[in-house]
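J.: sequence-free structure coming up:
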C-alpha cells in the first residue's frame, strides 16, 4: 500500500449494524437547552401528639413546689405559665422546639423550687422521683392525696395548685413510663469467721 492510497473497506464485514434499533432523533421544535429536573419538595416534620393508653400501671417523674399559702402558690403558677407562653411565642425553625421549651421550663421550675419551696425536696429542685401507685410514702414530702393527683395529671402541662394536708402544691410531670416493679435486694450479714 502506498502513502496516498486509502485503506479499503472489506466487502464482507464480520459485524453488521442492528437495523432494528432506533436512531436518536433531535428535537426540531425546542432549542438545545439542558432539561432541568423538577426539585423534589421536602416534607416538613410536623410533630403529632400521640395518645398512649395501656392497662399496665404507669409511673411519673415529678417535680413539686410546696407553698404555705394559696396566694403565693398562684403567683408561682402564673409565673411558670407566663414563662411557658413566652417560650411558645418565640419563632424558631427547629422541629423539636416544644421539647426544648419543656426542658427550659423544667430548669426554670427547678430554680423556683430551690428558692421558694417549703418542701424537703427543695435542695433537689423539687424532685419527688418516680411516683407510682402503691409506693412507700414519705409523710414529710407527700401524701396519698397528692399521689392520686399526680397519677391523673397530664404530662407537659403545669396544673393549678392543689391543696393537701401539707400545703399547696404546684406539680410538674416531667416524664412518664410503664411501671416495672424493681427487685429489692436484701443484704444478709454473715458472722465473722475468726
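T.: Nice, I can see it. Since this is a predicted model, take the numbers as computed values, not measurements.

J.: let me see the confidence value for the residue nearest the centre of the chain.
T.: Of all residues in the chain, the one closest to the mean position by CA atoms, centre = their mean is residue 99, 5.2 Å from it. With respect to pLDDT, residue 99 scores 81.

J.: does it belong to a helix or a strand, and which?
T.: helix 97-116 (DSSP states H and E).

J.: okay, helices next: where are they in the chain?
T.: Ranges of helices within the chain are 70-89, 97-116, 144-152, based on DSSP state H.

J.: want to try a markdown table for these, with distance to residue 133 as columns?
T.: All C-beta spots, glycine's among them, are computed from the backbone N, C-alpha and C. Shown next, in a markdown table, are these (distance: least, CB to CB, whole Å):
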| stretch | distance to residue 133 |
| --- | --- |
| helix 70-89 | 25 |
| helix 97-116 | 24 |
| helix 144-152 | 6 |
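
J.: what about the ones you listed, which gets the closest to residue 44?
T.: helix 97-116 (12.7 Å; CB to CB).

J.: can you list the buried residues in that closest one?
T.: Within helix 97-116, the residues scored as buried using 16 or more other CB atoms under 10 Å are 101-102, 105-106, 109-110, 112-113, 116.

J.: which residues touch that helix?
T.: 47, 63-65, 67, 72, 76, 79-80, 83-84, 87-88, 94, 119, 121-123, 125-126, 156, 158, 172, 174 (CB atoms under 8 Å, 6 or more residues apart in numbering).

J.: using PyMOL, define a selection of the buried residues within these.
T.: In PyMOL syntax, the buried subset of those is picked out as below (16+ other CB under 10 Å):
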select buried, resi 63+64+65+67+72+76+80+83+84+87+119+121+122+125+126+156+158+172+174
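
J.: how many other residues sit next to residue 117?
T.: 23 (other CB atoms under 10 Å).

J.: thought it was touching residue 67?
T.: Yes - counting by CB atoms under 8 Å, residue 117 touches residue 67, with 7.5 Å between them.

J.: excluding sequence neighbours, find me the nearest residue to residue 87.
T.: residue 101 (4.2 Å; CB to CB, 6 or more residues apart in numbering).

J.: how close does that neighbour get to residue 115?
T.: Relative to residue 115, residue 101 is positioned 21 Å away (CB to CB, to the nearest Å).

J.: same check, this time on residue 149
T.: Residue 149 is 23 Å from residue 115, by CB to CB.

J.: in contact with the nearest residue to residue 144 once chain neighbours are set aside, which residues?
T.: Leaving aside its chain neighbours, residue 144 sits nearest to residue 137 (6.6 Å; criterion: CB to CB, 6+ apart). Residue 137 is in contact with 143-144, 147, counting by CB under 8 Å, 6+ apart.

J.: re the thing from before, now the buried residues of helix 97-116 as TSV including distance to residue 132?
T.: Converted to TSV, the buried residues of helix 97-116 look like this (distance: CB to CB, whole Å):
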residue	distance to residue 132
101	27
102	22
105	23
106	20
109	21
110	22
112	25
113	21
116	27
